[in-house]
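Peer 1: Below are the sequence and a predicted model for it; my questions follow.
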Amino acid sequence: MNASSLHASNFSQQSQSFASLIVGLRSLTYGAKRFLSDGVWYAITLVGVVPLYFLLSSARKKMRKSLSVQVQIDQSNYRQTRLEYDALVKTIDQIDIRHVNRQAIPWHLRGAARIIQDVKNLMIQRRDALSLAFSALDQQAPKTSLLVPVDQDVLWNRRAQANEYR
Amino acid sequence: MLFRNPYPFKLQFSKEVTGEPYIRYHQFAFRGKDKLRYIIWVEEFPNLVYGISFFVTKLLQSNKRYEMLTNKQDAFRIFATCLEVIDQIRREHTGASFLFTAAHSVEEDKDKPNKRFRIYRRMMADAYSPMEFFHYELEAKNTYMMISRQHENPQLVADSITEMLNTNYQF
């Protein structure tokens, strides 16, 4: 495994861990709000915001470090890279906070929300770099008046993805 | 994986040919379920292009040899055996490309992609990475093609296949 793919693999794992963290926090919020009054919940978040901010910014720092936008796809890493891409698309979707009304976020949690958005932007950078590399693969296909190539994305979605290639 | 447990096969002979679009052919044989004999027929075209087809040996003389079904529920092992033949060829000839045309079964509508073609394209996507081959399909003709990325000039292969199909098979 070369340095670039090691970075990529770290970033991919960190992305999934980050998404799990956000999904967990979201569940905690929904769950806790059923049992606590708004005032109590506000007080808890006021206390918890410092460690939360520390945790999220630490995650952002590590992910910035392991982000690589240099993508080199070859026969040995194609399947792994495709799996990483699919996981990343799913992860970005999981941590999407676009639907959240920013004005509705309590003032003390806005910093944390900004970090989540920053991390999402890092993931988008990686996703776009992968997407570009996959498109480049399709561009290499020879074309004639008769032969229309099948894009790698179509091929990938047609197969049982858990299987290794021959 | 669906396409596993291939039958053991052997190359029976290879023969040079003149007056055909292919330059030689290779005949592989194996025994399937209930010891039914099959032939895998490999036509070798210029630029390391191989056309693969198979049929039951007893239908060798029949015009409908590619269209008949055996109803032995053995298709996936037979396809797996064809994949083994492809693997053998690509091991022996770096840069080999492959071509298949799926025949309609007797009862199938000839205007639609047939069942065999749908299986072939699934099988090829499953078995061979787009990093190894450029994949092509001509749905209207139920033809699937893979051009090797390892060939020194894939565009030449694509051009020669197009010319060959247009000239000889009215594509």
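Peer 2: Sure, I can see it.
Peer 1: who's in contact with the residue nearest to the spatial centre of chain B?
Peer 2: Nearest to the geometric centre of chain B sits residue B:52, at 2.4 Å (C-alpha atoms, centre = their mean). By C-beta atoms under 8 Å, 6 or more residues apart in numbering or on different chains, residue B:52 lies in contact with B:40, B:41, B:42, B:82, B:85, B:86, B:98, B:99, B:100. In this view, the C-beta of every residue, glycine as well, is placed from N, C-alpha and C.
Peer 1: Specify which member of the residues you listed is nearest to chain A.
Peer 2: Taking C-beta to the nearest C-beta as the measure, chain A lies nearest residue B:86 of these, at 8.6 Å.
Peer 1: contacting residues for the closest one?
Peer 2: Counted by C-beta under 8 Å, 6+ apart, residue B:86 has contacts B:50, B:52, B:98.
Peer 1: Next up, identify which helix or strand it is on.
Peer 2: helix B:75-92 (DSSP states H and E).
Peer 1: Tell me how far that helix lies from the chain's centre.
Peer 2: Centroid separation between helix B:75-92 and its chain, computed with C-alpha atoms, centre = their mean, to the nearest Å, is 9 Å.
Peer 1: what's the answer for stretch B:41-56, then?
Peer 2: On C-alpha atoms, centre = their mean, the centre of stretch B:41-56 falls 6 Å from the chain's centre.
Peer 1: swap in stretch B:56-66?
Peer 2: Centre to centre, stretch against its chain (C-alpha atoms, centre = their mean), the figure for stretch B:56-66 is 16 Å.
Peer 1: Now do that stretch: distance from first to last residue.
Peer 2: 8 Å (C-alpha to C-alpha, to the nearest Å).
Peer 1: Ok, stretch A:142-156 next?
Peer 2: OK, stretch A:142-156 end separation, C-alpha to C-alpha: 19 Å.
Peer 1: Could you do stretch A:137-149 as well?
Peer 2: For stretch A:137-149, the end-to-end distance is 11 Å (C-alpha to C-alpha).
Peer 1: Near chain B, which residues of chain A? Just list them.
Peer 2: Within chain A, the positions near chain B by C-beta under 8 Å from any C-beta of the partner chain are A:73-75, A:78-79, A:137, A:140-150, A:152, A:155-156, A:158-160, A:163, A:165-166.
Peer 1: mind listing which of those are in helices?
Peer 2: A:78, A:79, A:137, A:152, A:155, A:156, A:158 (DSSP state H).
Peer 1: Do you know the pLDDT at the fourth one?
Peer 2: Going back to what we said before, that points to residue A:152. pLDDT for residue A:152: 95.
Peer 1: so residue B:50 bridges to which residues?
Peer 2: residue B:44, residue B:98 (DSSP bridges).
Peer 1: gap between it and residue A:115?
Peer 2: 56 Å (C-beta to C-beta, to the nearest Å).
Peer 1: Of these two, give the one with the bigger neighbour count.
Peer 2: residue B:50 (22 against 18; other C-beta atoms under 10 Å in any protein chain shown).
Peer 1: Next, count neighbours for residue B:19.
Peer 2: 4.
Peer 1: Could I get the phi/psi values of it?
Peer 2: phi 80, psi 10 (degrees, to the nearest 10).
Peer 1: Return the per-residue confidence for it.
Peer 2: pLDDT, read off for residue B:19, is 88.
Peer 1: same check, this time on the one 10 residues further on
Peer 2: Taken from the predicted model, the pLDDT recorded for residue B:29 is 95.
Peer 1: and what of residue A:85?
Peer 2: The confidence metric pLDDT takes the value 95 at residue A:85.
Peer 1: I'd assumed residue A:131 was in contact with it.
Peer 2: Yes - if you go by C-beta atoms under 8 Å, residue A:85 and residue A:131 touch, sitting 7.3 Å apart.
Peer 1: neighbour-wise, which of these two wins?
Peer 2: Using other C-beta under 10 Å as the criterion, residue A:85 and residue A:131 rank with residue A:85 on top: 21 against 15.
Peer 1: what number of residues lie near the residue lying closest to the more buried one once chain neighbours are set aside?
Peer 2: Take residue A:85 and drop its neighbours on the chain: the residue closest to it by C-beta to C-beta, 6 or more residues apart in numbering or on different chains is residue A:130, 4.6 Å away. The local packing of residue A:130 (other C-beta under 10 Å) involves 21 other residues.
Peer 1: Cool, thanks, talk later.
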